[in-house]
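K.L.:
everything below, folded, please.
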Amino acid sequence: MNVLAIGAHFDDIELGCGGALAKHAANGDHVTVFVATRSGYVSPDGVVIRGDEDAEKEGRKAVEILGAKLVCGGLETLSLEFTDDLNAKLVHLIEEENIDIIYTHHTGDVHHDHIALAKATLHAARHVPRILTYASNWYLSDQPLVQNFFVDITDYWDKKEAAIRAHETEFARAGKDWLTYFKNEDVNNGFRCKVGMAEGFHCVKWLN
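P.N.:
Predicted coordinates for the structure are as follows:
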């Protein structure tokens, strides 16, 4: 199976579906990770919070931990738009890798980059037989992610955590909160599904 995970920034994918990707890789699936932006950003007063080079270096380490191949979109952080250029990048990648299943942001996210990329994915992936959407933050939305598809990641949480920790610059800023929130989410989903830990997704399409 050829798997494609799509994220706006380095760390989104690890947070949202890192366990599922590690499981795919362990099962022998070919996993590709597409990160749309360079992912560096500055504070409102101009202080660099995360540099582009650091973001990519850490991202490459995280993707290696998950057992996937990284493709960088190289677009500007916080400037993603639902445009032909972005759509074309995704269509080309989907066709080149002959993708069977896609993981991407959900359209109800409140982050501008996440929303634009989610819409572009649904447009570009309209012929892909399986599409799942994920949440990679805890921001409140009037269109929250409705989880109706779950992946048992009991044996893959350690890899997910290691991939999250690989983003050292972001982990220094929000890492403990990340781990608390997403581990609790996955544990609670495990309770609901009668397994140890599970990632929850919204299934847009699933064709067998």
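
K.L.:
where do the strands sit along the protein?
P.N.:
Taking DSSP state E as the test, the strands found in the chain are 2-7, 30-37, 41-42, 48-50, 69-75, 101-105, 130-134, 149-152, 198-206.

K.L.:
any chance of those strands in a markdown table, with distance to A62 and mean neighbour count too?
P.N.:
In this view, the C-beta of every residue, glycine as well, is placed from N, C-alpha and C. As requested, those are exported to a markdown table (distance: least, Cβ to Cβ, whole Å; neighbours: other Cβ atoms under 10 Å):
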| stretch | distance to A62 | mean neighbour count |
| --- | --- | --- |
| strand 2-7 | 11 | 25 |
| strand 30-37 | 9 | 24 |
| strand 41-42 | 18 | 14 |
| strand 48-50 | 14 | 15 |
| strand 69-75 | 9 | 17 |
| strand 101-105 | 15 | 27 |
| strand 130-134 | 16 | 23 |
| strand 149-152 | 18 | 19 |
| strand 198-206 | 16 | 20 |
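
K.L.:
turn the ones you listed into TSV, including mean pLDDT and distance to E185.
P.N.:
TSV is the format used below for the strands of the chain (pLDDT from 0 to 100; distance: least, Cβ to Cβ, whole Å):
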stretch	mean pLDDT	distance to E185
strand 2-7	98	17
strand 30-37	98	21
strand 41-42	70	25
strand 48-50	72	24
strand 69-75	96	25
strand 101-105	98	16
strand 130-134	98	11
strand 149-152	98	11
strand 198-206	98	7
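
K.L.:
distance to A120 added to the ones you listed, as a markdown table?
P.N.:
Output for the strands of the chain, formatted as a markdown table (distance: least, Cβ to Cβ, whole Å):
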| stretch | distance to A120 |
| --- | --- |
| strand 2-7 | 9 |
| strand 30-37 | 9 |
| strand 41-42 | 20 |
| strand 48-50 | 23 |
| strand 69-75 | 11 |
| strand 101-105 | 9 |
| strand 130-134 | 13 |
| strand 149-152 | 21 |
| strand 198-206 | 14 |
